[in-house]
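*Asks:* Make a model of this:
(one chain, ligands or ions: 3)
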Amino acid sequence: MALLTPEDLENINKQLQEADSSVRKVTGLDIKGICKDFYGTTPCCEKVGIVPVTSGNGIIGSFSASLHAITGYFGFDSFVTDMPDVSGYYEAVRNGAQIILMADDNTFLAHNLKNGKIANNQPCTGIIYAEIASRHLKADSKDVLAVGLGKVGFPGAAHFVHKGFRVYGYDADKALLEKTVSSLGIIPFDPDNHSDNFRKFSIIFEATPCANTIPESVISENCVISTPGIPCAISKELQKKYGVELIMEPLGIGTASMLYSVL
Ligand SMILES: NC(=O)C1=CN([C@@H]2O[C@H](COP(=O)(O)OP(=O)(O)OC[C@H]3O[C@@H](n4cnc5c(N)ncnc54)[C@H](O)[C@@H]3O)[C@@H](O)[C@H]2O)C=CC1
Ligand SMILES: N[C@@H](CCCCNC(=O)[C@H]1CCC=N1)C(=O)O
Ligand SMILES: [Mg+2]
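*Replies:* Ligands and ions are numbered 1, 2, ... in the order given. Here you go, the predicted model:
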């Protein structure tokens, strides 16, 4: 399980603002606009209780504080409980939380106590990053390259398929790639050796825990790389050389997707 580090979360407000302006450039809408349009919901000051959780690797420095900043950015009224775990959950409900946000090492959830809706960060992240990329105003075709088909990547690839895109997919885990090819009907495509069907993409989606997974050969001018994967899927040089519009942010876009999906 790739866990966030406090370094990933530094200047979360700045990272969120920069990601928002990239989303606006690519789609003409900001993150709020995408979430509103996609989920058909809008926040009206729901109270969000953020509960730190000590299990497993324990509390991640600035994780709760980052969620507090993120929920505020999207117009929610939020608080972090003083206590963690069960006591924190009790404190959140007693203090009027309508939505609970909490994460252990495997699951990061949003639970709306009023309507019973619950969301998981992994599919919500894959789907919203795919949704953003699918709205690339200057896409040259409906072809998409999706690298990394795990708990975040698979739902993202599935979303592109449901939206009628032609998905070329790759995962280092051959068995997983095979499973995904048969279940989603995507086209297997290894970006590192594709001499047979050489091609470039204007929409690329990446969800792996590895750096530099997108080689120069598949990048087209002014392409969009929508990547929740940490660390970054391409080098700064390649990003500059091809005028790549990078949609990448460590926590906020996925959290917004979770929140809008439970309203
Ligand atoms: N930005 C955000 O909001 C979020 C980011 N993440 C990050 O997304 C990444 C993926 O998370 P999960 O899907 O939960 O992990 P996962 O382990 O379920 O999936 C990762 C997949 O990438 C594949 N992979 C690894 N190296 C590869 C390579 N070099 N080329 C192609 N495929 C490769 C693995 O075989 C695996 O199937 C992690 O870095 C995680 O930290 C996760 C949640 C939210
Ligand atoms: N229990 C800790 C939080 C652990 C979060 C682990 N999950 C991740 O790092 C996922 C969530 C989005 C990206 N990666 C705390 O309450 O401080
Ligand atoms: Mg995010």
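
*Asks:* Now do the SS call for Val53.
*Replies:* With DSSP: H, G, I helix; E, B strand; the rest coil as the basis, the three-state label of Val53 is coil.

*Asks:* what about it, neighbour count?
*Replies:* 21 (other CB atoms under 10 Å). Backbone N, C-alpha and C define where each C-beta goes, glycine included.

*Asks:* ok, it touching Asp104?
*Replies:* Yes. At 5.1 Å, Val53 counts as touching Asp104 under the criterion of CB atoms under 8 Å.

*Asks:* Ala133 looks like it's in a strand, true?
*Replies:* No. Assigned with three-state DSSP, Ala133 falls outside any strand and is helix.

*Asks:* Give the full set of residues in contact with it.
*Replies:* Contact analysis of Ala133 by CB atoms under 8 Å, 6 or more residues apart in numbering lists 26, 144, 160, 203-205, 224, 226, 247.

*Asks:* And what about the closest residue to His136 other than its chain neighbours, helix, strand or coil?
*Replies:* Using CB to CB, 6 or more residues apart in numbering and skipping residues adjacent in sequence, the residue nearest His136 is Val224, 4.6 Å away. Following three-state DSSP, Val224 is assigned to strand.

*Asks:* Give me the contacts around the helix or strand where Lys25 lies.
*Replies:* Secondary structure assigned from DSSP states H and E places Lys25 in helix 12-27. By CB under 8 Å, 6+ apart, the surrounding residues in contact with helix 12-27 are 29-31, 34, 62, 66, 69-70, 73, 132-133, 135-137, 224, 245-253.

*Asks:* For the residue of the stretch 1-150 of the chain found nearest ligand 3, give its distance to His111.
*Replies:* Here the residue of the stretch 1-150 of the chain nearest ligand 3 is Thr125; by CB to the ion that distance is 5.8 Å. From Thr125 across to His111, the span is 17 Å (CB to CB, to the nearest Å).

*Asks:* And these two? Which one has more around it.
*Replies:* Legend: neighbour count by other CB under 10 Å for Thr125 and His111, higher for Thr125 (26 against 19).

*Asks:* helix or strand for that one, which one?
*Replies:* Short version: Thr125 belongs to helix 121-134, going by DSSP H and E.

*Asks:* That helix close to ligand 1?
*Replies:* Yes. With CB under 6 Å from any ligand atom as the criterion, ligand 1 is reached by helix 121-134 at 121-122, 125.

*Asks:* helix or strand right after that helix?
*Replies:* With secondary structure assigned by DSSP H and E, helix 121-134 is succeeded by strand 143-147.

*Asks:* Just confirm yes or no for that following strand near ligand 1.
*Replies:* Yes. Using CB under 6 Å from any ligand atom, strand 143-147 reaches ligand 1 at Val147.
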